[in-house]
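In: From the sequence below, what's the structure:
(chains A and B, ligands or ions: 2)
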Amino acid sequence: MTVDITRQEPAGRGSAPVIPPSKPTARSSAAQLSRRSETGALIGTIGVFIFFCIFGGAQFLATGGAASWLNIAAELGIVAIPVGLLMIAGELDLSVGSVLAASSMTLATVSGYWGLPMGVGILAALAVGVGTGFVNGILVSRTKVPSFVVTLATNFSLVGLTLGLSRLVTGTTSVAIAPDATSKNIFGTLIAGQFEVAIFWWIGIAAVVIWILQMTKFGNWIFAIGGDAESARATGIPVTKVKVGLFMTSGFGAALVGVIQTILYNGAQVSNGQSFVFNSIIAVVIGGVLLTGGYGSVWGIILGTMTFAVVSQGIYYTGWNSDWASLILGILLLAAVLMNNTFRKLALSAGIGTKKLKG
Amino acid sequence: MTAPLLRLTNVSKSFAGTNALTDISLEVHAGQVLCLLGDNGAGKSTLIKILSGFHTPTSGTVEVNGEKVVFNSPRDASSYGISTVHQFGGTFPLMGVGRSFFVGVEPTKGWGPFKHFDKKTAGEIAVREMRNLGITRVTDGNRLVGSLSGGERQSLAIARAVYFGANVLILDEPTAALGVKEATHVLRIIMQARAQGLAVIFVTHNVLHAMTVGDRFAVLIHGSKADDFKKGERTREEITDLMAGGEAMAELEAEVAQFQATADAQ
Ligand SMILES: Nc1ncnc2c1ncn2[C@@H]1O[C@H](COP(=O)(O)OP(=O)(O)OP(=O)(O)O)[C@@H](O)[C@H]1O
Ligand SMILES: [Mg+2]
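Out: Numbers count the residues shown, from 1 in each chain, chains lettered A, B, ... in the order given. Ligands and ions are numbered 1, 2, ... in the order given. Predicted coordinates for the structure are as follows:
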């Protein structure tokens, strides 16, 4: 028996008029802008850019200046996008630092120390990232321990494991590698002598993930899971699978940067990568993603990443001590969160006029 | 009479040793509203979660149209046309109305790798379905759910359940957080669903709401079915007393009387 109640006429309440959708006006498009999660991030990016244009001078604007922050942004961005997706789904990944180091050491050991083909080393390195993500995802879903704790634990364990194994296998903690030309071209060359190919990886990944998050049902599931995991499960979304998949993606992103760095710098060090743990979270949060999940966008993450990169590199062009960059980033992080909260409140009140918000 | 749409036989559920439900037997028929009454912690939501595939019963059987079924997931339950609006849930405050309406059942268009979520259609359908339930103030499918009033949110969740549910609609305390006007509205939606031939299970604390729309009633006390009756077989006072455990109410009345007496004496 299938009954379609939907074709019924509007129930009772005869006096309530059907309000036609209002035509878009200047005011409603401003409201529409304020409803987007990346509005605050855009203001931030433009703000710091203008700031360093003024204080960094012509050199900051020259290709060298652009390359310096774009390179930082690209490497961070490749990690920040999947970390941001996870955050939208309500989870954190603090293990990206050691995944980067572990995949980097894997590639250098397999293809450098053992001399196997580059392809084998790269696949092994990416497998380390995806595998760690899988373990994270399963642990978080099965144990219900917060992902903050689980991934913090994996971050430490994996660093230890990488250190121990590389000493056992290679006898040192930094391994050199001589990548072939093809791998160099794909992962680790400098275009025009200054721009890393990672920039193209970043753009490519961003394009794919924008499509997934905004245009596919999988994207809708990510928002739903971050908004309310129980309700999402009630609608039949395979919550565990989606989460495990997202952890694997962030492992993949970190491992890819590990591969890129190893090939670019012709070697790997166990100590690499830990800065990505907090930098990726800073970029994502500045980008307007809600730390507790359910809200955010890839454009926001990209803008947050750019803001981070502009501040951390722009400082060198000002002639000031680079110590100030951290201060600026700290203040920016706080300001960004406050601003994003304001914009979110605006988005939540959009369309209700003078009526007060309930719950 | 045909077989009931939904039949529970001796359903029990225990969580790590504590019994949330003991030997519950119930029947739900098409075109009828079954009101599930009971105090806080009586086991109403637990029963609903069994029917919606969230929990599997520790013992006992569930039948749909006379066929024995086991729901291992919410998806299983919805595949039998059972759709549920859970207490404290069902909508996503930071999602648009259209996105929220179609979570888990997104309409897609396009082909192969270009197959994508048709957000425009989703928004239009969500707005239309809410309008059919009398919510006319939501006209934009992109509007965030968190900006709706409690009643509008509840209506969105119900509109969704009605739209996707084929034959059993389960509502867990849909009127609990609502004002008089919005609660009345939800009751009207229940009557509408009933008139369309759906079976409705309506969970509530509110005896008045239950008596307004119910055809059959079941009262749960501490996880057991304390009473089971048809419309008109009990008075409002009898039901209230039963829910509160009778003596508790009498005790309270005595206390109030005493309080009154001391106040008068002063
Ligand atoms: N997942 C669970 N694990 C352990 N105990 C549970 C679980 N879910 C419910 N219970 C217990 O089962 C009993 C019944 O809870 P339930 O939520 O079904 O009550 P209810 O009748 O819906 O109450 P309310 O009117 O407050 O919503 C309670 O004592 C509750 O603590
Ligand atoms: Mg309940």
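In: OK, contacts around residue A:129?
Out: Going by C-beta atoms under 8 Å, 6 or more residues apart in numbering or on different chains, residue A:129 touches A:99, A:102, A:103, A:251, A:252, A:253, A:254, A:255, A:256, A:258. Where C-beta positions appear, they are placed from N, C-alpha and C, glycine not excepted.
In: Please repeat the previous calculation with a cut-off of 6 Å.
Out: Going by C-beta atoms under 6 Å, 6 or more residues apart in numbering or on different chains, residue A:129 touches A:99, A:103, A:251, A:252, A:254, A:255.
In: Residue A:38 now?
Out: Contact analysis of residue A:38 by C-beta under 6 Å, 6+ apart lists A:288, A:297, A:299, A:300, A:303.
In: ok, now with 7 Å
Out: A:287, A:288, A:297, A:299, A:300, A:303 (C-beta atoms under 7 Å, 6 or more residues apart in numbering or on different chains).
In: just residue A:217 next, same as before
Out: By C-beta under 7 Å, 6+ apart, the contact set of residue A:217 is B:106, B:108, B:117.
In: Which one of these is nearest to residue A:283?
Out: Of all the contacts of residue A:217, residue A:283 sits closest to residue B:117, with 26.4 Å by C-beta to C-beta.
In: Contacts only, for that closest one.
Out: Neighbouring residues of residue B:117 by C-beta under 7 Å, 6+ apart: A:215, A:216, A:217, A:219, A:220, B:106, B:108.
In: Hmm, residue B:122 and the last one touching each other?
Out: The reference is to residue B:108. No - applying C-beta atoms under 7 Å as the test, residue B:108 and residue B:122 come out as separate, 10.0 Å apart.
In: okay, the two: which has more neighbours?
Out: More crowded of residue B:108 and residue B:122, by other C-beta atoms under 10 Å in any protein chain shown: residue B:122, with 23 against 14.
In: can you list the contacts of residue A:217 in JSON lines and add pLDDT?
Out: Below are those laid out as JSON lines (pLDDT from 0 to 100):
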{"residue": "B:106", "pLDDT": "83"}
{"residue": "B:108", "pLDDT": "81"}
{"residue": "B:117", "pLDDT": "85"}
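In: Restricted to helices, list the contacts of residue A:129.
Out: A:99, A:103, A:251, A:252, A:254, A:255 (DSSP state H).
In: nearest to ligand 1, of the contacts of residue A:129?
Out: residue A:251 (31.6 Å; C-beta to the nearest ligand atom).
In: so how far is residue B:27 from that closest one?
Out: 51 Å (C-beta to C-beta, to the nearest Å).
In: Looking at these two, which is more packed in?
Out: Higher neighbour count among residue A:251 and residue B:27: residue A:251, with 31 against 18, using other C-beta under 10 Å.
In: Would you mind listing what in the stretch 1-150 of chain B touches ligand 2?
Out: B:45, B:87 (C-beta under 5 Å from the ion).
In: where does the nearest residue to residue B:173 once chain neighbours are set aside fall, helix, sheet strand or coil?
Out: Closest residue to residue B:173 apart from its sequence neighbours, by C-beta to C-beta, 6 or more residues apart in numbering or on different chains: residue B:87 at 4.9 Å. Secondary structure state of residue B:87, per DSSP: H, G, I helix; E, B strand; the rest coil, is coil.
In: and residue B:87, what is it in contact with?
Out: Contacts of residue B:87 by C-beta under 7 Å, 6+ apart are B:45, B:172, B:173.
In: Under the pLDDT cut-off, which ranges of the chain? List them.
Out: Chain wasn't specified; assuming chain A. Scanning chain A for pLDDT under 70 picks out A:1-35, A:350-359.
In: My question was about chain B, not that one.
Out: Checking chain B against pLDDT under 70 turns up B:1-2, B:88-90, B:165, B:245-250, B:252, B:266.
In: Would you map out the domains in it?
Out: In the domain annotation for chain B, the residue ranges read B:1-91+B:167-232, B:95-147, B:235-266 (automatic domain parsing).
In: Pull out the buried residues from the shortest one.
Out: Put plainly, it is domain B:235-266. B:239, B:241, B:242, B:243 (16 or more other C-beta atoms under 10 Å in any protein chain shown).
In: could you point out which element follows the host helix or strand of the third one?
Out: Following DSSP states H and E, one finds residue B:242 within helix B:236-244. If you walk from helix B:236-244 toward the C-terminus, the next helix or strand you reach (DSSP H and E) is helix B:247-265.
In: wait, residue A:99 sits on residue A:132?
Out: Yes - using C-beta under 7 Å, residue A:99 is in contact with residue A:132, at 5.1 Å.
In: hang on, the earlier thing: helices or strands up against the helix holding residue B:242?
Out: Counting contacts by 3 or more C-beta pairs under 7 Å, 6 or more residues apart in numbering or on different chains; DSSP states H and E, helix B:236-244 packs against strand B:33-38, helix B:207-213.
In: Of these, which stretch is the most buried?
Out: strand B:33-38 (a mean of 26; mean count of other C-beta atoms under 10 Å in any protein chain shown).
In: Just give the number of residues close to residue 194.
Out: Answering for chain A, as no chain was given. Neighbour count for residue A:194, taken as other C-beta under 10 Å: 14.
In: actually it's chain B I care about, not the one you picked
Out: 21.
In: what's the helix or strand for it?
Out: helix B:180-195.
In: helix or strand right after that helix?
Out: Counting by DSSP H and E, what follows helix B:180-195 is strand B:199-204.
In: Just give me the residue closest to the centre of chain B.
Out: Note on chain B: the residue nearest the mean C-alpha position is residue B:171, at 1.4 Å, using C-alpha atoms, centre = their mean.
In: Mind listing residues that contact stretch A:260-276?
Out: A:75-76, A:79, A:96-98, A:100-101, A:104-105, A:107-108, A:162-163, A:166, A:173-179, A:183-184, A:187-188, A:196, A:198, A:254, A:258.
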